[in-house]
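Student: this one's sequence-less:
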C-alpha cells in the first residue's frame, strides 16, 4: 500500500489540476483520491512540490523486438503474416525495453514492424514490475498490425508482390475477403467437423478483426490513409491510423472515418512523398474536431523520452497543455481499448503513476522521480 | 533598418540586459544598447519579451539530401572512404531548404554538412535558413572538413570490401594525414584538391569535425589529432562523458549528437547530467548535430536535446550558449554568428522566454540576415 501525499495531480479524467492532493494505492489499484487521506500501514511518499500524472502510454512501439542487427518483429517472407504474434518477439531484458519505465512510460502497444501488408497481432503491456512479457501483458492480442505504402512495397525489390500501392490494397483486401469466406464456411459447417474448411491460421487470426474485436492498426500516411478508411468500411472493421503524416490534408475524411490517429514520430524534416508531414501542429485540427489523437515514438526508432517531449512540442506548436497530456495518457488508452484500466487516475483503475519534479510537457526540467506500476515503485531517480 | 525595441537582450554567459534595443542595418547588427536613436528604422516592439541570438545548428544535412530519392541521397559520396575534396555546396537544393520549419524553432544558420558514410566525407558550409537564391543562402563556404569514425563507416565499406574494422579506419585515416603532411612539406608538387583541403586542417585554418560515438572511437580520433597537430571537433560524442579530461585540457570543442533517434543500447549510455558537470569544468559543448541521422535528417530535435539538458540540471542560459556561441565557435564562424554583437550577422529571435526552459516559451519572431523570416500566428 502506497500513500502519495500532497501532490499536484493531473488525473486526466477531467481538465482540473488538483493541488495538495493525496492518492492511495492498494492491491495494485487506485483506492482513493482526496485531501488529507490516511491509511494505516501504507508507505507514505511525500510529494510536496511534486507533480503526479498517470503513467504515459505509447500506442505504437517495437521496443524489445527491433534490435537492428536482427529485428524479430519483421517477418518479411510473406506479405500476409496475420497469424504472427508480436509477443514472441519482445525481449524484456533488452536495453531499449528497460529504458521505457525510467522515462515514465508505464504501458505500450508492442506491434510487428511494417514489412508486410498484414503483419500480425500486437498487444498492450506494462513496461516493468514482472518477470515475463506474458505477465506484463494487459491485453493480448490487442490489434492487427498492417502496413501501407513504401514498406510493404519492399517486396517489389525482389520481383514479388506487392510492388505498388495497387498491389498493397489488393493483398489487403484479399486477406480480409479470404477470412470472410473462411468464417462463413465455418459458420455454415456448424458442429459438423467434416464440413469445416481446412484450418487457415491467417484467416483465423483475421476473424476477430471482422468481428470488430481487434482493430486494424495500419501504418499509413498521406493518401494511404484514405485507402485504409475505404477498406475498413468495405469489410466493416475498426481501425486506427498509425503515423498519420500529412493528416492536415485529409482532416474532413479522417474525422468522418472516425478511427483514432496515432501520430508520429514527430519532428521529421519536410521532403517529398513519404516520410514528410510530421509536424505535430497538424494534430490540432483533428483533436479540435473530436478525433482521438495520440502521439507515438515508434520506439526504438525514437527513444522513450521522446513521448513526453512530443507532448511538450505539441504545446510549443500550439496545442493546449491539457490536450497535449491527453495525447500520451488517456487518448492512447482509449485508442487501445484499455481505458477501463489505464490512462487516467481514477478510483479502481490500475495504480500506474509517475511522480515528476516539474510539470511534464510544460517545464523542460520535468523528469520522473518515481515510476509506479500496479501500485509498486519500479523506478526511483 | 530594423529596431528591436525594449526587450530583454541576451548577451551570452548568463548576461541579460533589460529594456535594451538591437538595431539592424542590412544584414548586420549596427548597435546594441539602451534607448538607441534610429528615427528612420522600422520598429519591432519587444517589450516584455526576450531577444536571443539566432540558434546555430552545428551540423545538419537538410537541404543537401534529396529526400525523394530514397537510397541515393546527395550528401553521401561514399564510393571511397576518403574524399576531402567533396563540397557540400554541390548537393544543395534551395527547394528542400524552403520546405522546412527552421524559423519557429529559432534556428537561423547551420553547418550544412556531408553525411555519415565516408571516413573523410567532405567540406562543410555555413548557411542561412533562408534566402532568395542559393547564393544568398551560403554565408561562408568550406568552413570545416567533415569526417566519420563510427560503425556506419564500417557498415558502408564492408559491403564494398574496402574496410571493415576500426583498425582499418584508424590506419586509413593515419595514412591520409601522413600523405597530406608529406604534400604540405614538398616544395614542388602536382596539385591535389583533396590534399589541399587536408593541408588546411593541418595548418589549423579549419577544424576537422569527426563523428565519433563511443569512447574507443573518440580515443582514436584524439590520437590522430595529437599525432598530426590539428584541431578535432568530436561530433555525436555520446560517450564523451567517459573521456573528456584531455579534451577539456586541449580546449577542443564537442558537438553532442541527437540521443533521441534510434536508441540502440549505445545512445542510452548518454549521461546528460555528467555532461552538465563537465560543461561546468570547461568542456566546450554545443548541443545537437544531426548530420544525416534522422528519420530522415531533422533539426527540430535541437530543442528536444535542450529539454534533455534542462532535465539533467543545466540552466536555461547554459543551454542557450550551447545552442548559439558554442556551435559558432566549434565551426570557427563566431566572427559571423552565435551572439548579439555589433558587426555580426543580423540573426536573432524574439520569444516570450527561453525555449530551453519551458515548452510554452514561444518563439514569436525570427529574423534571418536582417529580414523577418518567421512570425508566430496568434
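Tutor: Here it is on my side, so go on. Computed from a prediction, not measured in an experiment: that's the story for all the values here.
Student: Look at the closest residue to chain A within chain B and report its pLDDT.
Tutor: Ranked by C-beta to the nearest C-beta, the top residue of chain B for proximity to chain A is residue B:67, at 2.6 Å. For glycine as for every other residue, the C-beta is placed from the backbone atoms N, C-alpha and C. Looking at residue B:67, its pLDDT is 71.
Student: Quickly note the distance from it to residue A:231.
Tutor: The gap separating residue B:67 from residue A:231 is 28 Å, by C-beta to C-beta, to the nearest Å.
Student: neighbour count winner among those two?
Tutor: residue B:67 (22 against 19; other C-beta atoms under 10 Å in any protein chain shown).
Student: On the three-state scheme, that one is what?
Tutor: Assigned by DSSP: H, G, I helix; E, B strand; the rest coil, the conformation of residue B:67 is coil.
Student: Provide a list of residues in contact with it.
Tutor: Residue B:67 makes contact with A:269, A:271-273, A:275-276, B:73, B:96, B:296 under the criterion C-beta atoms under 8 Å, 6 or more residues apart in numbering or on different chains.
Student: which among these gets closest to residue B:86?
Tutor: Closest approach to residue B:86 among those (C-beta to C-beta): residue B:73, at 13.2 Å.
Student: part of a strand, is that closest one?
Tutor: No - using three-state DSSP, the secondary structure at residue B:73 is coil, not a strand.
Student: Any idea how many residues pack against it?
Tutor: Counted with other C-beta under 10 Å, the neighbours of residue B:73 add up to 18.
Student: So for it, what's the pLDDT?
Tutor: 80.
Student: List the contacts of it.
Tutor: B:61, B:65-67, B:115, B:292.
Student: Dump those to a markdown table, plus distance to residue A:209.
Tutor: As requested, these are exported to a markdown table (distance: C-beta to C-beta, whole Å):
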| residue | distance to residue A:209 |
| --- | --- |
| B:61 | 41 |
| B:65 | 38 |
| B:66 | 39 |
| B:67 | 34 |
| B:115 | 42 |
| B:292 | 39 |
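Student: which two from these end up farthest apart in space?
Tutor: B:67 and B:115 (13.1 Å).
Student: how about stretch B:57-69: buried residues?
Tutor: B:57-67 (16 or more other C-beta atoms under 10 Å in any protein chain shown).
Student: Would you pull up the residue in the stretch 151-300 of chain A closest to chain B?
Tutor: residue A:271 (2.6 Å).
Student: Now residue A:138: closest residue in space that isn't a chain neighbour?
Tutor: residue A:124 (4.6 Å; C-beta to C-beta, 6 or more residues apart in numbering or on different chains).
Student: any idea of the mean pLDDT for whichever strand or helix holds the one you found?
Tutor: Element membership of residue A:124, judged by DSSP states H and E, is strand A:118-126. Mean pLDDT, computed over strand A:118-126, is 98.
Student: Run through the neighbouring helices and strands of the next helix or strand along the chain from that strand.
Tutor: The helix or strand immediately downstream of strand A:118-126 is helix A:133-136, counting by DSSP H and E. Counting contacts by 3 or more C-beta pairs under 8 Å, 6 or more residues apart in numbering or on different chains; DSSP states H and E, helix A:133-136 packs against strand A:118-126.
Student: Which other helices and strands does the strand it packs on contact?
Tutor: Strand A:118-126 packs on strand A:105-110, helix A:133-136, strand A:137-147, helix A:165-189, helix A:201-210, going by 3+ C-beta pairs under 8 Å, 6+ apart.
Student: ok, residue B:83 - how many residues close by?
Tutor: The number of residues near residue B:83, taken as other C-beta under 10 Å, comes to 20.
Student: What distance do you get for it to residue B:55?
Tutor: Applying C-beta to C-beta to residue B:83 and residue B:55 gives a distance of 30 Å.
Student: now do residue A:45
Tutor: 39 Å.
Student: Which of the two has more residues huddled nearby?
Tutor: With neighbours defined as other C-beta under 10 Å, residue A:45 and residue B:55 compare such that residue B:55 has more, 32 against 23.
Student: got the contact list for that one?
Tutor: Residue B:55 neighbours (C-beta under 8 Å, 6+ apart): B:105-108, B:302, B:323-324, B:349.
Student: how about 7 Å then?
Tutor: B:105-108, B:302, B:323-324 (C-beta atoms under 7 Å, 6 or more residues apart in numbering or on different chains).
Student: Redo these as a markdown table? Include distance to chain A, neighbour count and pLDDT.
Tutor: A markdown table is the format used below for the contacts of residue B:55 (distance: C-beta to the nearest C-beta, whole Å; neighbours: other C-beta atoms under 10 Å in any protein chain shown; pLDDT from 0 to 100):
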| residue | distance to chain A | neighbour count | pLDDT |
| --- | --- | --- | --- |
| B:105 | 9 | 25 | 97 |
| B:106 | 11 | 27 | 98 |
| B:107 | 12 | 28 | 98 |
| B:108 | 17 | 28 | 98 |
| B:302 | 10 | 30 | 94 |
| B:323 | 13 | 31 | 98 |
| B:324 | 17 | 27 | 98 |
